[in-house]
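Trainee: build me a model:
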Amino acid sequence: MSRRLRVVQVTFDVDAKRRAPEGLLADRDTLVETAIGLSVVAFGLAVAAGYRLPASTAMALAGFFALFHGYAHGAEMPGSLSGLDYAAGFVLAMALLHVAGAGTAITAAKLGHVFGERALRSAGGLIALVGVGTLLGNL
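Mentor: Have a look, this model is predicted:
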């Protein structure tokens with residue numbers, strides 16, 4: 001995994017975990033869900049368009065959208081769980097998702113060489129469509 005990918009993932013992790021406790025104190029907010037949908041659309045469009053953002057820009061975007069993701073996860077905590085148990089599961093789940101995401105990105109890059117850039121960009125378009133679906137469900 002490249003240093004650039006690791007740095008962006010760490011930025012997302014830190015910012016999401018930093019914001020999760022605030023979500024514990026609040027209900028889910030439609031604005032937060034809209035921001036999450038927009039983050040999926042933005043990511044999908046960047047892949048579809050073939051953008052290769054500078055690491056600092058990718059970190060800033062990942063950190064910004066992570067604030068909304070972390071807040072939403074904090075707001076989702078069931079009242080029957082302790083905060084410590086939920087936080088442990090949240091941290092573990094996020095780590096597993098990032099490992100899976102990194103593996104998918106590495107595989108996609110290798111498949112891009114086999115199947116061409118069009119396949120990778122098509123996958124980005126599908127990701128953007130999922131984000132639009134998420135947005136439509138929150139409007």
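Trainee: which of the residues in the longest helix seen in the chain are buried?
Mentor: With secondary structure taken from DSSP state H, the chain has its longest helix at helix 83-115. Of the residues in helix 83-115, 86, 87, 90, 94, 98, 102, 105 count as buried by neighbour count, 16 or more other C-beta atoms under 10 Å. All C-beta spots, glycine's among them, are computed from the backbone N, C-alpha and C.
Trainee: next secondary structure after the worst-scoring helix or strand of the chain on mean pLDDT?
Mentor: Among the helical and strand segments of the chain, the one scoring lowest on mean pLDDT, DSSP states H and E is helix 3-24, with a mean of 70. Helices and strands here follow DSSP states H and E; after helix 3-24, the next one along the chain is helix 30-49.
Trainee: next, the angle from that next one to helix 83-115.
Mentor: Orientation check (axes from the mean of the first three to the mean of the last three C-alpha atoms, to 10 degrees): helix 30-49 against helix 83-115 gives 20 degrees.
Trainee: and helix 30-49, how far out from the chain middle?
Mentor: With C-alpha atoms, centre = their mean, to the nearest Å as the basis, helix 30-49 stands 9 Å off its chain's centre.
Trainee: neighbours of the residue nearest to residue 117 when sequence neighbours are not counted, how many?
Mentor: Distances taken as C-beta to C-beta, 6 or more residues apart in numbering place residue 50 nearest to residue 117, at 6.8 Å, with adjacent residues excluded. Here the number of neighbours of residue 50 (other C-beta atoms under 10 Å) works out to 10.
Trainee: before we move on, what about the one 4 residues further on?
Mentor: By other C-beta under 10 Å, the residues close to residue 54 number 9.
Trainee: for it, phi and psi?
Mentor: Note on residue 54: its backbone torsions stand at phi -60, psi 150 [degrees, to the nearest 10].
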